[in-house]
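what follows is a predicted structure for the sequence shown.
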Amino acid sequence: MSKRKKKEHHEEHVDESWLLPYADLLTLLVALFIVLFAMSSVDAEKFQKLSKSFNDVFTGGTGVMEFPSPIPEGQREATDVSKDNLPESGQEQEQQDQEAQAALEQLANEELRKQADQEALSSLQEKVNSYITNNDLTDKLETSLTTEGLLVTIRDNVLFQSGSADVRREDYDVAGEISDLLVMDPPRNIMISGHTDNVPISNARFSSNWELSVMRAVNFMKLILENNKLDPGKFSAKGFGEFQPAAANDTADGRAKNRRVEILILPRTAESGT
């Protein structure tokens, strides 16, 4: 009897309840390795795998890769950061490159326009210089090409009596021929300015050199604009008096150079504000 009981005791199965926590431990270890792997290089695919692993752990799934993704289809696209942002960054870079290229082309075009405009002013200068030479006016008129434009300087003794702002009648022909030289297509902006020396003026008509210089510029401009081929809207007149001398006023020759009327033919680039 006792032998039978002892034999039945040996036939009992070993307790296997320890397998459940052991399986859970293995599942957690698998999840840990996936987390470590995903941390080395995060992208959307690894993020989905990581989500599946956690879902298996917390919902009791039977396998790491068998459970469906817990991320809805629409949200899955939203989490694909690298896929969305990389093309967008590439497009932004491409747009910046295009804008930079357009800016360089614009600068190059502006530089070409400036060079072409300077060449046109240089041709006009040659035309004016030919007129000065042919009419033996080299001691009375001169030209200079600057960044401000083509400057034509006329000594005051060509046009005016001393202390007077009225153009002498014998010089009307000179003014008329100069006006012909200013006819351009398309027309340019032209500024006429009057200048004096620093010797104080005292007569009944003008109380200062500034007033004299203004009226000389205005009267000469009126005479120029009798040419109906010129656009009055392109002309302006200024008077600077003694305050922009071309030479020192301590000699007679210097004072003679300072008594002048200037015609400034502006570049087209200055007209457009570029």
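Structure received.

any idea how far D156 lies from A100?
Per C-beta to C-beta, to the nearest Å, D156 is found 53 Å from A100. Backbone N, C-alpha and C define where each C-beta goes, glycine included.

of these two, which one has the most company?
Counted by other C-beta atoms under 10 Å, D156 and A100 do not tie: D156 has more neighbours, with 24 against 10.

residue contacts, the more buried one?
Shown in contact with D156 (C-beta atoms under 8 Å, 6 or more residues apart in numbering): 196, 216, 259-261.

let me have those residues in a markdown table, extended by pLDDT.
Listed next are the contacts of D156 as a markdown table, based on pLDDT from 0 to 100:
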| residue | pLDDT |
| --- | --- |
| T196 | 94 |
| R216 | 96 |
| R259 | 93 |
| R260 | 94 |
| V261 | 96 |
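
would you mind giving the secondary structure of S162?
Assigned with DSSP: H, G, I helix; E, B strand; the rest coil, S162 falls in the coil class.

give me the phi and psi angles of it.
S162 adopts backbone torsions of phi -60, psi 130, taken as degrees, to the nearest 10.

next one: stretch 216-236 to chain centre, how far?
The chain centroid and the centroid of stretch 216-236 are separated by 35 Å, computed with C-alpha atoms, centre = their mean, to the nearest Å.

what's the spacing between I224 and Q125?
The separation that I224 has from Q125, given C-beta to C-beta, amounts to 18 Å.

check which helix or strand covers L28.
helix 19-40 (DSSP states H and E).

so how far is that helix from its chain's centroid?
Relative to its chain's centre, helix 19-40 lies at 60 Å (C-alpha atoms, centre = their mean).

for it, name the packing helices and strands.
Contacts defined by 3 or more C-beta pairs under 8 Å, 6 or more residues apart in numbering; DSSP states H and E place helix 19-40 against helix 44-59.

who has more neighbours out of I224 and Q125?
Between I224 and Q125, I224 has the larger neighbour count (other C-beta under 10 Å), namely 22 against 17.

isn't that one right up against F235?
Yes - with contact defined as C-beta atoms under 8 Å, I224 reaches F235; the gap is 7.4 Å.

which residues are in contact with each of these two?
I192.

related to what we said a few turns ago, in helices, which of the contacts of D156 appear?
Counting by DSSP state H, the contacts of D156 place R216 in helices.
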